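# sequence and predicted model, in that order:
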Amino acid sequence: MSDLLDWAEKAGMENLRFRLQNAETLAKEAGTTLTILLAGMGGALAYAIKGFEQPTPSTLAIGAAVLAAWLMAVGILLVVFCILTKPLQVPTNEPKNLYQKECRLEKLRELELENIQGRIEETTARNAAVAMWLDRVRLMALASPVVFAIVAWASGAR
């Protein structure tokens, strides 16, 4: 039984560490995406401000203003669903929870294996949610030229 338990513990910890590494990768990707969104928003806003200095704003200035607002909304979604601090599991339990003199070591290890499984499931769910929103935000960012074109066209069609 000890060999099986050793093997399951090792595999479980590798699995959890892999998923925690994925969480770190997703966080880095979200940060990079936010940087790109902020740069685009800043550029669009600068163009819009310059265009609104004219007596009659051009369709491009109006499109740029709406594009800046669009990118800001996309950035807000990114921050709320991908970047804001959320609970993150740790690979191992705390010593005060592990050190139980009255219990057999093998029983404690079996219980801790169940805890590892729970941490894996929570980390997997967290990663899936962050990845889903990161994908959505990226698709929304890719739609930015379409948003700009529709608004510029609509403002010129008046």
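Here it is on my side, so go on.
# contacting residues around the lowest-mean-pLDDT helix or strand in the chain?
One helix or strand of the chain scores below all others by mean pLDDT, DSSP states H and E: helix 95-98, with a mean of 92. Helix 95-98 has contacts (Cβ atoms under 8 Å, 6 or more residues apart in numbering) with 108, 112. C-beta coordinates here come from the backbone N, C-alpha and C atoms, glycine included.
# how about that helix: buried residues?
Buried residues in helix 95-98, counting neighbours by 16 or more other Cβ atoms under 10 Å, are absent.
# switch to numbering from 18
That works, and once the first residue is 18, the last one we named lands at helix 112-115.
# chain center to it, what's the gap?
The chain centre lies 32 Å from the centre of helix 112-115; the measure is Cα atoms, centre = their mean, to the nearest Å.
# after it, which helix or strand is next?
Downstream of helix 112-115, the first helix or strand assigned by DSSP states H and E is helix 122-159.
# following element in sequence after that following helix, please.
Downstream of helix 122-159, the first helix or strand assigned by DSSP H and E is helix 161-173.
# helices or strands up against that next one?
Judged by 3 or more Cβ pairs under 8 Å, 6 or more residues apart in numbering; DSSP states H and E, helix 161-173 is in contact with helix 76-95.
# and the helix it packs on, what's buried?
By neighbour count on 16+ other Cβ under 10 Å, the buried set for helix 76-95 is 76-89, 91-92, 94-95.
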